[in-house]
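Peer 1: got a predicted structure plus its sequence, pasted below:
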Amino acid sequence: MYPHERSLVKQLADKPFALIGINSDRDLEGLREVVKEKNITWRSFWNGPQGTGGPISTDWGVTSWPTIYVLDAEGRIRYKNVRGPGMDQAITALLAELGHEVDLSNHGRPTP
Amino acid sequence: MRCFGFLILSPLLLVGCYSGEPEAMSNGDGSSSSAEVVVALTPAEQFEKLNDDYAVAVRNDANDVSIYPQKFLNLAKEHPKDRIAFGALNWVIVMSKDPQQKAEAVDQLLDKHIDQSAIAQICEVIQRQPFSERSKDQLTTIMEKSPHESVRGMAACALASHMATAPAGDRKEQEIRDLYEMVIEQYGANPQLVGRAKMALAKMKFAIGKIAPEISGSDLDGVAFKLSDYRGKVVVLDFWGDW
């Protein structure tokens, strides 16, 4: 997950795109270490000390992790639980709606 | 697997759940007269015999097993108010492959046996039928006329779920929401129903095409921010944890 997301964020840095996490780890201190160690470059809401029982995931009815929602520029839910190439396709389609052509087909693969 | 067990067991089990007296037998006056020479099967015995015959037919892989629903329907018609009619109609509702026949059995059941609490289980069967006004009407009847609160609640949930399967153009979202909200309000004593209604409402709220609700909170450094700060951008929301 992390390498895929990291390279997405990097490749789309100049596009109208954001990856936002909602993190459900209970231990915030430990989590900050993880973020540093694993080079998690994107921003996350913290779901609070109740972990998976925290307010944001409860509001959203999330019962399994990870859960993914992809929103368009108007904030409309357009895709759910897309991963890997599926996520890349979803993002490509939504950016195209905004007039941004991106090619994520080779994304995540090591460049020769 | 659970469903399979339900399918096989329920018609017989439900007869056991029936509350009420068996219908008086035509030859059951209790006196020992010569009339006893006529061996008439009681409705219960007929029901049992049909079940046995069916089991044998299935075991022999007989090609006429499809006639059994009609036989059970006929038995129910002969003794409409007997508990056996309830069992026989249930049998048809669960076992028949013909949606028309199923619906016919449901109508008969609701007409004469609406007071039975075991109707709760029928709600689920009706709910799973392909969307139709007839199924809607049947669930509405149960919701309005059952004397049991839990059955009415179950019917309300089933009605909402069934309505949610209507083709997009016919889907009455507001009515569906109202039904679930009514369940949450009126059946607070039944956590299972309330849980089901809440889950369904959440699912509708977060369905594809819906505007995502606002999230406001703090990031991992304690800095406050909002989801709406990102309007104008394509956003991937990732509910994650490092575990």
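Peer 2: Right, received. Where do you want to start?
Peer 1: can you give me the strands in the chain?
Peer 2: Since no chain was named, I'll use chain A. A:17-23, A:43-46, A:67-71, A:77-80 (DSSP state E).
Peer 1: looking at chain B here, not the other one
Peer 2: B:216-218, B:224-226, B:234-240.
Peer 1: could those go into a markdown table alongside mean pLDDT, distance to residue B:189 and mean neighbour count?
Peer 2: Glycine gets a C-beta too; all of them are placed from N, C-alpha and C. Formatted as a markdown table, the strands of chain B follow (pLDDT from 0 to 100; distance: least, CB to CB, whole Å; neighbours: other CB atoms under 10 Å in any protein chain shown):
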| stretch | mean pLDDT | distance to residue B:189 | mean neighbour count |
| --- | --- | --- | --- |
| strand B:216-218 | 96 | 34 | 14 |
| strand B:224-226 | 97 | 38 | 12 |
| strand B:234-240 | 96 | 32 | 23 |
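Peer 1: per-domain residue ranges of chain B.
Peer 2: B:7-14+B:42-113, B:117-210 (automatic domain parsing).
Peer 1: nearest to residue A:76, of the ones you listed?
Peer 2: The closest of the domains of chain B to residue A:76 is domain B:117-210. By CB to CB, the value is 6.5 Å.
Peer 1: do you know the pLDDT at the most far-flung residue of chain B relative to its centre?
Peer 2: In chain B, counting by CA atoms, centre = their mean, residue B:221 sits farthest out from the average C-alpha position, at 50.1 Å. pLDDT, residue B:221: 93.
Peer 1: list the contacts for the closest residue to residue B:85 other than its chain neighbours?
Peer 2: Using CB to CB, 6 or more residues apart in numbering or on different chains and skipping residues adjacent in sequence, the residue nearest residue B:85 is residue B:76, 4.0 Å away. Shown in contact with residue B:76 (CB atoms under 8 Å, 6 or more residues apart in numbering or on different chains): B:84-85, B:88-89, B:92, B:105, B:108.
Peer 1: burial of residue B:201, as a residue count?
Peer 2: 18 (other CB atoms under 10 Å in any protein chain shown).
Peer 1: isn't it right up against residue B:178?
Peer 2: No: using CB atoms under 8 Å, residue B:201 is not in contact with residue B:178; the gap is 10.6 Å.
Peer 1: which residues are in contact with the nearest residue to residue B:215 once chain neighbours are set aside?
Peer 2: Among residues not flanking residue B:215 along the chain, residue B:227 sits closest, at 4.1 Å (CB to CB, 6+ apart). By CB under 8 Å, 6+ apart, the residues touching residue B:227 are A:20, A:75, B:212, B:214-216, B:235, B:237.
Peer 1: and the nearest residue to residue B:130 once chain neighbours are set aside, how many neighbours?
Peer 2: Take residue B:130 and drop its neighbours on the chain: the residue closest to it by CB to CB, 6+ apart is residue B:99, 7.0 Å away. Residue B:99 sits with 13 neighbouring residues when counted by other CB under 10 Å.
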